[in-house]
Every structure is written in C-alpha cells, then in structure tokens.
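Asks: Predicted structure and sequence below. I'll ask about it afterward.
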Amino acid sequence: MANKAIRIILIIVLFIIFFEIGLISSYTIVTSEAPNVQGLIDMQISKVTGIFTPEKVNEMLIKDPTPVNITNKKDIALRMEDLSKVDGVNVDSMNVTTYEDANNNNFTVTIEALGYASPNSTSGQIVISQTPSYKIIAKGNATYKDTGLEVDERSVTINSVLKLYQ
C-alpha cells in the first residue's frame, strides 16, 4: 500500500519537473532570452490559486438564492421584533430567500429585514427618525398551506442583528 502511494507521488513529481523544464525551454526558444524562472513559477502559482479562490469556488458550488413570497409577513415581523429586541421591523423591506428547492413542501428560508430603534430624545424633544437602525437576519422553516407559503413563527431564529451607521 505504501509502495503504491510513493510511486504515485514520484510520478506526479516527475511530471511537474518535466513540465517545468519544457516550459522554460519553450520560453527560451520563443523569446530568445534567458527565462525568469522565479517569474514563471510565480505566474503559474498565481494562475492555479486564482482558480481556487473562495469567490470562484462559491460561484461553482453555491447558486444564487431564490426569492420566495410568504403570506404571513406581518406575523414574522412581529416575531423578529420580539426576538431581536428592536422597536419595529419594516415589513416592506423584508426579503425572504432560500437556497433549497422551493418545490419541496418544507424548506428553510433566510429572512432579512430592517429594524428601528426607539426614538431619540434630544433636549426634551422626541425626534422620530424614519431611517432604520438595524439589519436583522433570521432563519425559519417555510411550508405550503392553503393560503400560500407560510413561515412557522415558532421556527424563526435570529442569526444576527447588525447596527447600521449613517
């Protein structure tokens, strides 16, 4: 077993050595100059590592999320408000997406919405601002009911509450 592994590694190393020798000699023939060996190796490494960057891997492995429409947005907004301890959640800004197959009867959804903080008090006056203070990201289980696609309120969990700075 160990002999097979050593043979495979030796074949791979020899292939890489012959490939590099061929690359350097062809560079010399084409350009009629002495090759910059370090530059050629750095270029090869950067090209190979460029293929395996997280962005490229994510493009191949993870598809874009599928937006879904739910029928109980107001109930979910109230649940998110209770769980995240904000003073309000904007239903109009609510974005519900999934990475799973939306044709299944039960699947997980990601819910994003903007949240509002309590009104600020400045020198005795209450100033009510219409700008959101938080971005709330939650997950929940969605199922198809008679009225349409609904997210189970009990399954909603808050992943993060991000403070927005203006």
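Replies: Yep, that arrived. Note that the structure is a prediction, hence the values are computed from the model and not measured.
Asks: And the pLDDT at Glu153?
Replies: Note for Glu153: predicted pLDDT of 89.
Asks: now it, nearest residue through space, not along the chain?
Replies: Nearest residue to Glu153, sequence neighbours excluded (C-beta to C-beta, 6 or more residues apart in numbering): Arg79, at 4.8 Å. Every residue, glycine included, has its C-beta placed from N, CA and C.
Asks: Please report how far the one you found lies from Thr157.
Replies: Using C-beta to C-beta, to the nearest Å, one obtains 10 Å as the distance from Arg79 to Thr157.
Asks: likewise Thr31?
Replies: 61 Å.
Asks: And the two? Which one has more around it.
Replies: Taking neighbours as other C-beta atoms under 10 Å, Thr31 and Thr157 compare with Thr157 leading, 12 against 9.
Asks: For the more buried one, which non-adjacent residue is closest in space?
Replies: Lys139 (5.5 Å).
Asks: Name whatever forms a beta bridge with that neighbour.
Replies: Legend: beta-bridge partners of Lys139 under DSSP bridges are Thr110, Thr157.
Asks: Test my guess that it contacts Ser160.
Replies: No - between Lys139 and Ser160 there is no contact under C-beta atoms under 8 Å: 10.5 Å.
Asks: part of a helix, is Asp75?
Replies: Yes - under the criterion used here (DSSP: H, G, I helix; E, B strand; the rest coil), Asp75 sits inside a helix.
Asks: got a list of contacts for the helix or strand hosting Ala142?
Replies: Element membership of Ala142, judged by DSSP states H and E, is strand 134-145. Contact partners of strand 134-145, identified using C-beta atoms under 8 Å, 6 or more residues apart in numbering, comprise 68, 70-71, 76, 80, 83-84, 86, 89, 96, 98, 105-117, 149-153, 155-164.
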